[in-house]
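A.B. asks: fold the following, please.
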Amino acid sequence: MAVARHDETVRTKLADLIEIVVQRPYRCKDREYVRAARAVDSNDLRTRLKTAARSGNPWAQRHAGYILWLLDRPEVPNTRHVWRTWLAAASRE
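C.D. replies: Here you go, the predicted structure:
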């Protein structure tokens, strides 16, 4: 799933999946969708994530915000420590 060079149909389906995942309550391993998001990063995906981050859904706000933050920082690893640090900082804002 998290590899580059998918055709457009697969890229769209993966973006759909990522959009669905950020809308639901956090589940173990949801952080792993960051790899897929990085593989299919596009203006369409970022627009969907920004919409979710501005929604009234607190789960979507956190998940989408974290993924967008990591998409802007490809050098930052997607680890539990990074997630917890980001979450703590986001909670203070």
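A.B. asks: ends of stretch 20-39, what's the gap?
C.D. replies: Using C-alpha to C-alpha, to the nearest Å, the end-to-end distance of stretch 20-39 comes to 17 Å.
A.B. asks: contacts for it?
C.D. replies: Counting by C-beta atoms under 8 Å, 6 or more residues apart in numbering, the neighbours of stretch 20-39 from elsewhere in the structure are 1-4, 6, 14, 17-18, 45, 49, 52, 57, 59-60, 62-64, 66-67, 70-71, 74, 78, 80, 83. All C-beta spots, glycine's among them, are computed from the backbone N, C-alpha and C.
A.B. asks: buried sites along it?
C.D. replies: 21-22, 30-31, 33-34, 36-38 (16 or more other C-beta atoms under 10 Å).
A.B. asks: cool, and stretch 64-76?
C.D. replies: 64-71.
A.B. asks: poorly predicted segments of this protein, please.
C.D. replies: Per-residue confidence for the chain (pLDDT under 70) gives these ranges: 1-6.
A.B. asks: so which residue is dead centre in this protein?
C.D. replies: Centroid-nearest residue in the chain, with C-alpha atoms, centre = their mean: Ile67, separated by 3.0 Å.
A.B. asks: which residues are contacting the helix or strand harbouring that residue?
C.D. replies: In this assignment (DSSP states H and E), Ile67 forms part of helix 58-71. Where contact means C-beta under 8 Å, 6+ apart, the residues beyond helix 58-71 that reach it are 18, 21-26, 30-31, 33-34, 37-38, 41, 46, 49-50, 52-55, 76, 78, 82-83, 86-87, 90.
A.B. asks: just after it, pick out the following helix or strand.
C.D. replies: Taking DSSP H and E as the definition, the helix or strand that follows helix 58-71 towards the C-terminus is helix 80-92.
A.B. asks: on that earlier part again, inside helices: which ones of the contacts of helix 58-71?
C.D. replies: Per DSSP state H, helices hold the following members of those: 18, 21-23, 33-34, 37-38, 46, 49-50, 52-53, 82-83, 86-87, 90.
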